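1. Make a model of this:
(2 chains)
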Amino acid sequence: MKKKNKNQDFEGFAKGHNACAGCGAAIAMRHLMKIAGANTIVAIATGCMEVVSTVYPLSSWEVPCIHSAFENVAATASGIELALKKQGKRKINVIAIAGDGGTFDIGLQALSGMLERGHRILYVCYDNEAYMNTGIQRSSATPLHAETTTSPYGKIHGKIEPKKNMPLIVASHGKNIYVATASVGYLEDFKRKVKKALRHIHKKNGGPAYLQVLCPCVLGWKIPTNITIQIARKAVNCRAYPLFEIENGKLTLQEFPEEKIEDYLKLQGRFSNLAKKEIIKLKKFFESEYSKLRNFTNR
Amino acid sequence: MSTNGSNNGERREIKMKKIPRAISCSKAIAEAVRLCKPAVVAAYPITPQTLIVEELAKMHAERILDCEFVNAESEHSALSICIGAQATGSRTFTATSSQGLALMHEMLFIASGLRLPIVMVVANRALSAPINIWCDHSDTMASRDSGWLQFYCESVQEAHDTVIQAYKIAESVLLPAMVCIDGFTLSHVTENAELIKNLKNFLPPYKPCCKLDPSRPITIGAIVPPEFYFEFKMQQQKAMLLAQKTIKKINLEFKKRFYRSYGDGLIETFNLEKAKKAIIALGSQCSTIKYVINLKKNTEFGLIRLKCFRPFPGKELVAACENIEEVYVIDRAISFGNGAPLYTEVKATLPEKIKVKSYLIGIGGQDVSPEIIKKLIK
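-> Predicted coordinates for the structure are as follows:
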């Protein structure tokens, strides 16, 4: 009993880091590490969470942590996992952490390699839907019509391409991958998925796990610092960010109380310039993505 | 002496004398790697490096190489995998060529900056464009400032020995090491070589001072502000300078243990005692140069072969050129806009009274034939 309490008190991502007030990703990191515990090695890609947590000579990481480059966290973690395997230390959790840019864009190839080779790694993508660390540039995870510094609102209305469906790309790599989306708006659900993912990487004949967690960014989304959780919840409820799990190739779509898309968009500066027809287009895209997922559940 | 004896008696005698067996360079390198017991081998195929990795894959499949063997999805990831594994406290190996080394470029600096003693064999090959798979040194010369030790080998025997030495040197000074072998003209060559059988009392198991270990958490690869960054870089530079002494020391240690050495470990001289002029070169072409020098009686030419290019053996080079009036520097790479890399470094090192001439030979796999060398030293 005592041991269990000790685990719950564990803070792998210590306070005092440099993240902005209201940072969604920092919340995700904290709870991820609370579940993962001390017997963990973290590999982190270049990005917000790396920059705010490892400013020399300080570090927020209470577990061993390595940062090497932007696009290669999946490969670095693969090396860690292999070394541990060879050393007979398989019980250690290996967690790779990257933002959406480091996952959807520049890190896609390394992630694909890691998945294909079946490394027992929990890969966590904190998805704040743009390159926030470099000052809010669009990534392939940025939603349709969202305004960023490289998809500004002019005669062209924000980003003209829809968001890439990364979890399905990950799932296409094989059945033995645990895939889930989460949101810091539903922390208990996120923590449950972290636990499940860690179980998956350690179980007999286990494999990789991919967890993509929506983390609002106050600067990038242009929202007040006190609505991070609220907006992360709304994203799920209005089906802009559906939560689901894929286990053994089977997709389970989670149901949440439905909210209107307009209520989600109007709170955010990045969507403030949208015309009505663009809101309709965005709504249609979210609906089509949702029905695509629903179709998968019926397979 | 030929190994194909005409009668059984002669054959038996040869066997008893343990005359080196003919072995391909890739096999000799793979055998050296196997002996060093890397825990993780990660690589991606590229000509002309592939033979080495194929040999290692075969050894792994036959379970005579006890390691985690990974077919990475790119060279960038191959080196990243080595970085992750080495940081976790395991010895690693990778090999590449040309475009592969260029793709790794970013990670080269990270491996050296994190002070991870990874050993990599580079089968030297020209860089695109236009695409060319044959030997020159443009790939490794383009990464000379990446903080890796660079050794250039002349023979199969030396390639075998240098891989083993490289692990010991790299792990002593905490810097990664490139063992460069000329693509095809060395990588695909079969020569007589004596394989080392065990490394007892020479290469101890890899035990890093710090590693990724949950019982002692550390952060590796932090973001370092200006007030500390320079200090990190100066430490790398110090390690490079220290490496010069270490290389010499390990060359001697190797000689004591295995009865072979390569000059002083940094440079090797040939016919330099009475020479007025010296050729300075790297790699397998030095055998051709030695051959041509040997053909000519009373030649005023000698050879200085840089076995080690990084760290640059400036002091040793100046000492070797004490009685030399003129040097001919042979480069197999171009530094566009400023001649050639070996030439510019030699020129900057030698005193002004020595005339330094630059020659570009063997670019993109052009044959470095005895005829070409003969023309040079006529």
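
2. surely residue B:316 meets residue B:264?
-> Yes: using CB atoms under 8 Å, residue B:316 is in contact with residue B:264, at 6.4 Å. C-beta coordinates here come from the backbone N, C-alpha and C atoms, glycine included.

3. low-confidence ranges in the stretch 1-150 of chain A?
-> Residues of the stretch 1-150 of chain A meeting the criterion pLDDT under 70: A:1-8.

4. would you list every one of the helices in it?
-> A:2-9, A:24-36, A:48-53, A:73-87, A:100, A:108-117 (DSSP state H, counting those that start in this stretch).

5. The stretch 151-300 of chain B too?
-> B:156-173, B:226-258, B:285-295.

6. which residues sit in contact with the residue in the stretch 151-299 of chain A that chain B sits nearest to?
-> Among all residues of the stretch 151-299 of chain A, residue A:173 sits closest to chain B, at 11.8 Å; criterion: CB to the nearest CB. Contacts for residue A:173 (CB atoms under 8 Å, 6 or more residues apart in numbering or on different chains) come out as A:112, A:115-116.

7. Which among those residues count as buried?
-> Among those, those classed as buried by 16 or more other CB atoms under 10 Å in any protein chain shown are A:112, A:115.

8. Make JSON lines out of the contacts of residue A:173 and add distance to chain B.
-> What follows is these, written out as JSON lines (distance: CB to the nearest CB, whole Å):
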{"residue": "A:112", "distance to chain B": "7"}
{"residue": "A:115", "distance to chain B": "10"}
{"residue": "A:116", "distance to chain B": "7"}
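
9. Dump the contacts of residue A:173 into CSV; add distance to residue A:87 as well.
-> Formatted as CSV, the contacts of residue A:173 follow (distance: CB to CB, whole Å):
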residue, distance to residue A:87
A:112, 26
A:115, 23
A:116, 24
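
10. follow-up on the earlier one: quick one, grab the pLDDT at the residue of the stretch 151-299 of chain A closest to chain B.
-> Residue A:173 carries a pLDDT value of 98.

11. for residue B:20, same thing?
-> pLDDT at residue B:20 comes out at 79.

12. related to what we said a few turns ago, what's the closest of the helices of the stretch 1-150 of chain A to residue B:328?
-> Counting by CB to CB, residue B:328 lies closest to helix A:73-87 out of these; the figure is 43.6 Å.

13. Run the chain-centre distance for that closest one.
-> Centre-to-centre, helix A:73-87 and its host chain are 21 Å apart (CA atoms, centre = their mean, to the nearest Å).

14. Export it to PDB, keeping only CA atoms.
-> Extracted in PDB, the C-alpha atoms of helix A:73-87 (Å, rounded to 0.1, in the frame of the first residue of the first chain):
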ATOM      1  CA  VAL A  73      13.300  10.800 -31.400                       C
ATOM      2  CA  ALA A  74      11.800   7.400 -32.500                       C
ATOM      3  CA  ALA A  75      15.300   6.300 -33.700                       C
ATOM      4  CA  THR A  76      17.100   7.500 -30.500                       C
ATOM      5  CA  ALA A  77      14.500   5.700 -28.400                       C
ATOM      6  CA  SER A  78      14.900   2.600 -30.600                       C
ATOM      7  CA  GLY A  79      18.600   2.600 -29.700                       C
ATOM      8  CA  ILE A  80      17.800   3.000 -26.000                       C
ATOM      9  CA  GLU A  81      15.300   0.100 -26.100                       C
ATOM     10  CA  LEU A  82      17.800  -2.100 -27.900                       C
ATOM     11  CA  ALA A  83      20.600  -1.400 -25.500                       C
ATOM     12  CA  LEU A  84      18.300  -2.100 -22.500                       C
ATOM     13  CA  LYS A  85      17.200  -5.400 -24.200                       C
ATOM     14  CA  LYS A  86      20.800  -6.400 -24.600                       C
ATOM     15  CA  GLN A  87      21.600  -5.400 -21.000                       C
END
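
15. Output the contacting helices and strands for that helix.
-> strand A:40-44, strand A:93-99, helix A:108-117, strand A:122-127, strand B:40-43, strand B:68-71, helix B:75-87 (3 or more CB pairs under 8 Å, 6 or more residues apart in numbering or on different chains; DSSP states H and E).

16. circling back to that earlier point, and among the helices of the stretch 151-300 of chain B, the most buried is which?
-> Highest mean neighbour count of those: helix B:156-173, a mean of 24 (counted as mean count of other CB atoms under 10 Å in any protein chain shown).
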